[in-house]
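>>> Provided below for reference: sequence and predicted model.
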Amino acid sequence: MKDLNKILQSNSIEDLSKEELYGLLKIYAKNWLVHDGCWFLSVEEKHGIDEAINIDRESWRKFTVIEAKRIKEFLNLPDNSGIKGLAKALKFRLYSTINEDKIVIHDNKNMDYYIRTCRVQEARRRKGLQDFPCKKVGNIEYRFFAKTIDERIETECISCPPEITDDNYYCIWKFTLIERD
């Protein structure tokens, strides 16, 4: 942010420039993720990681559908907008502003989603904690997100803690559009 005085003199978010708004969006995304991590660690400390993961899965089951619906509406995506609709929606998730990711669309029915940097895992490592075994949670998160965008899309985990198959990425997800009769 180039001009701190200008920001300090702003009366509202509407007064901020595009660059300043993007900076604020990153702050909001980090704050949201920190809150998510704080509640998870609190439950983990009190009840153990297995119970924390069970609660986290239920939380994501609800949140990811709400997030996908709002993004779908914002982007004016039609129902069953296919792999390209999912790819577009993934680019607008809150995570997309703070994690480095990559989308590879193979054709109209197949796509891979790679997460190169993951603030959750990096924060746990900085704190000396083991990697969060996020596959169980991720299966819920990505499956429900994709199904909300297009009910025909199936989700498969290719690599994700605790089963990392590619050390270049924290996780890799495969999405396949299945045409049904």
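Nice, thanks for sending it over.
>>> As a check, name the ranges of all helices in this protein.
With DSSP state H as the criterion, the chain has helices at 4-9, 18-47, 49-75, 82-90, 119-126, 135-149.
>>> now those as a markdown table including mean neighbour count?
For every residue, glycine as well, the C-beta is placed using N, CA and C. Shown next, in a markdown table, are the helices of the chain (neighbours: other C-beta atoms under 10 Å):
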| stretch | mean neighbour count |
| --- | --- |
| helix 4-9 | 10 |
| helix 18-47 | 13 |
| helix 49-75 | 16 |
| helix 82-90 | 20 |
| helix 119-126 | 15 |
| helix 135-149 | 21 |
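>>> of all those, which lies closest to Asn110?
helix 82-90 (6.9 Å; C-beta to C-beta).
>>> Below-threshold pLDDT in this protein: ranges please.
1-10, 181 (pLDDT under 70).
>>> In it, which residue is most central in space?
Nearest to the mean C-alpha position of the chain, counting by C-alpha atoms, centre = their mean, stands Tyr95 at 4.4 Å.
>>> Isn't that one up against Ala29?
Yes: if you go by C-beta atoms under 8 Å, Tyr95 and Ala29 touch, sitting 7.2 Å apart.
>>> gap between Ile83 and Ser12?
From Ile83 over to Ser12 the distance is 39 Å, taken as C-beta to C-beta, to the nearest Å.
>>> Tell me how many other residues crowd Asp101.
Using other C-beta atoms under 10 Å, Asp101 has 18 neighbouring residues.
>>> excluding its backbone neighbours, what's nearest it?
Spatial nearest neighbour of Asp101, chain neighbours left out: Ile115 (5.0 Å); criterion: C-beta to C-beta, 6 or more residues apart in numbering.
>>> How about the contacts made by the residue nearest to the centre of the chain?
Ala29, Leu33, Asp101 (C-beta atoms under 8 Å, 6 or more residues apart in numbering).
>>> OK, contacts around the spatially closest residue to Glu179 that is not a sequence neighbour?
Once flanking residues are discounted, Glu179 sits nearest to Arg152: 6.7 Å by C-beta to C-beta, 6+ apart. Shown in contact with Arg152 (C-beta under 8 Å, 6+ apart): Asn80, Gly82, Leu177, Ile178, Glu179, Arg180.
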